[in-house]
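Trainee: sequence unknown, structure follows:
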Ligand SMILES: O=P(O)(O)O[C@H]1O[C@H](CO)[C@@H](O)[C@H]1O
Ligand code: HPA
């Protein structure tokens, strides 16, 4: 895990607090996508540390409709000793605006492992610049998270995929990045990571191997796939021609998130695992009837909530057992 260059102290109330030090502030400038400075995000992390009892080790981002199983009563069943903090109460945090994204950080334990779950993520189409969509990932890093599990709902483009399948993300194609839109755009702060981060090992090989083993243990290997994800800016679903182009370049599943979060996480040296729930078939032919819609996306999330909860819980346990010395 890369040093975040912040000393961790304990304040008078026994809460963790991160001390500021190092480089000068980078001024926020949304227009030029410079993002919040390291110091501003330390304020956010310190606010959270003053509220929580355990420091999370693993961060989970819940995809569309997949956060509902973390909600209210059922959340307590899965995350022990849950402490929920609404986004609107967190300094410098954006707020969730999309149905199926509740807008809370949930701290607690899964299988005894301290975690933080984002019950709701931020998307570019909501009007947030990419750096802001990914701000929680950097805050997680400052809190001590070294592993990110990002989940998403995605359209299945691979003709062998079925609705309800789970796709372990092997790699991504950063379509928005091709057009120059990247969460790391703007001045680089080396305290988060290097100017030119590599991305050829973005999705941890050991984690993917473990996920396939876990799928066998849970007897769900028949619905678990491995493939390439891409994120488009949204909010519209894709045209037939766009989908055919994506198919030609090797995309298996299409969504509107995750890629920029993963880039941000890898930039600050987190280990990453990502999982797509295939919620709909991408309609890549003019002869096919039907239209993609968000309701269907949310419905499939509900149907798969139990399996997702079991899968993610087991992964949290197994990733933690792996320790920090594995090949990324
Ligand atoms: O990627 P998540 O947040 O799971 O959501 C996916 O589902 C929504 C479309 O139905 C889009 O936001 C797309 O990105
Ligand atoms: O078909 C899709 N396209 C883009 N994003 C999505 N999120 C869920 N399904 C889809």
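Mentor: Here it is on my side, so go on. Since the model is a prediction, treat every value here as computed from it, not as a measurement. Ligands and ions are numbered 1, 2, ... in the order given.

Trainee: OK, contacts around the closest residue to residue 259 other than its chain neighbours?
Mentor: Leaving out its chain neighbours, the residue that sits closest to residue 259 by Cβ to Cβ, 6 or more residues apart in numbering is residue 231, at 4.0 Å. In this view, the C-beta of every residue, glycine as well, is placed from N, C-alpha and C. For residue 231, the set of contacting residues under the criterion of Cβ atoms under 8 Å, 6 or more residues apart in numbering consists of 172, 174-176, 255-260.

Trainee: and what of residue 320?
Mentor: For residue 320, counting by Cβ under 8 Å, 6+ apart, the contacting residues are 57-58, 111, 113, 147.

Trainee: can I have the buried ones of these as a ChimeraX selection?
Mentor: Selection command for ChimeraX covering only the buried members of the contacts of residue 320, criterion 16 or more other Cβ atoms under 10 Å:
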select :57,58,113,147
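
Trainee: quick check, nearest of the contacts of residue 320 to residue 244?
Mentor: Taking Cβ to Cβ as the measure, residue 244 lies nearest residue 147 of the contacts of residue 320, at 35.8 Å.

Trainee: hey, what's residue 84 bridged with?
Mentor: With beta bridges defined as DSSP bridges, residue 84 has these partners: residue 106.

Trainee: hmm, it is touching residue 106, no?
Mentor: Yes - applying Cβ atoms under 8 Å as the test, residue 84 and residue 106 come out as touching, 5.2 Å apart.

Trainee: who's more crowded, these two?
Mentor: The residue with more neighbours, out of residue 84 and residue 106 and counting by other Cβ atoms under 10 Å, is residue 106; that gives 24 against 19.

Trainee: verify the stated contact: the more buried one with residue 86.
Mentor: No - checked against Cβ under 8 Å, the pair residue 106 and residue 86 is beyond contact range at 10.4 Å.

Trainee: could you measure from residue 91 over to ligand 1?
Mentor: Taking Cβ to the nearest ligand atom, to the nearest Å as the criterion, residue 91 is separated from ligand 1 by 24 Å.

Trainee: distance of residue 307 from residue 296?
Mentor: In this structure, residue 307 and residue 296 are 18 Å apart, going by Cβ to Cβ, to the nearest Å.

Trainee: helices or strands up against the helix or strand containing residue 302?
Mentor: Assessed by DSSP states H and E, residue 302 sits inside helix 294-303. Under the contact definition 3 or more Cβ pairs under 8 Å, 6 or more residues apart in numbering; DSSP states H and E, helix 294-303 sits against strand 147-156, strand 271-281.

Trainee: which parts of it count as buried, going by neighbours?
Mentor: Across helix 294-303, burial judged by 16+ other Cβ under 10 Å covers 294, 296-298, 300-301.

Trainee: with stretch 175-189 instead?
Mentor: In terms of neighbour count (16+ other Cβ under 10 Å), stretch 175-189 has its buried residues at 175-177, 181-185, 189.

Trainee: and if you look at stretch 279-299?
Mentor: Going through stretch 279-299 with 16+ other Cβ under 10 Å, the ones that come out buried are 279-284, 292, 294, 296-298.

Trainee: for the residues you listed, work out which two are farthest apart.
Mentor: Checking the buried residues of stretch 279-299 against each other with Cβ to Cβ, the farthest-apart pair comes out as 284 and 298, at 22.3 Å.

Trainee: where does the stretch 1-150 of the chain have low pLDDT?
Mentor: Within the stretch 1-150 of the chain, the set of residues satisfying pLDDT under 70 comprises 1-16, 19-34, 68-77.

Trainee: who in it is up against ligand 1?
Mentor: Taking Cβ under 6 Å from any ligand atom as the criterion, the stretch 1-150 of the chain approaches ligand 1 at residues 63-64, 98, 121, 123.

Trainee: so what's the residue lying closest to residue 158 once chain neighbours are set aside up against?
Mentor: The spatial neighbour of residue 158 that comes closest, neighbours along the chain excluded (Cβ to Cβ, 6+ apart), is residue 252 at 4.1 Å. By Cβ under 8 Å, 6+ apart, the residues touching residue 252 are 156-158, 161, 167, 225, 227-229.

Trainee: and the residues you listed, which is closest to ligand 1?
Mentor: Taking Cβ to the nearest ligand atom as the measure, ligand 1 sits nearest to residue 229 out of those, at 9.5 Å.

Trainee: re the thing from before, could you dump the residues of the stretch 1-150 of the chain next to ligand 1 to JSON lines with neighbour count and distance to ligand 2?
Mentor: Listed next are those as JSON lines, based on neighbours: other Cβ atoms under 10 Å; distance: Cβ to the nearest ligand atom, whole Å:
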{"residue": "63", "neighbour count": "27", "distance to ligand 2": "8"}
{"residue": "64", "neighbour count": "27", "distance to ligand 2": "7"}
{"residue": "98", "neighbour count": "19", "distance to ligand 2": "11"}
{"residue": "121", "neighbour count": "26", "distance to ligand 2": "12"}
{"residue": "123", "neighbour count": "22", "distance to ligand 2": "10"}
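
Trainee: alongside ligand 2, which residues does the chain contribute?
Mentor: The interface of the chain toward ligand 2, taken as Cβ under 6 Å from any ligand atom, is made up of 153-155, 237-238, 254-256, 279-280, 282, 292, 297.
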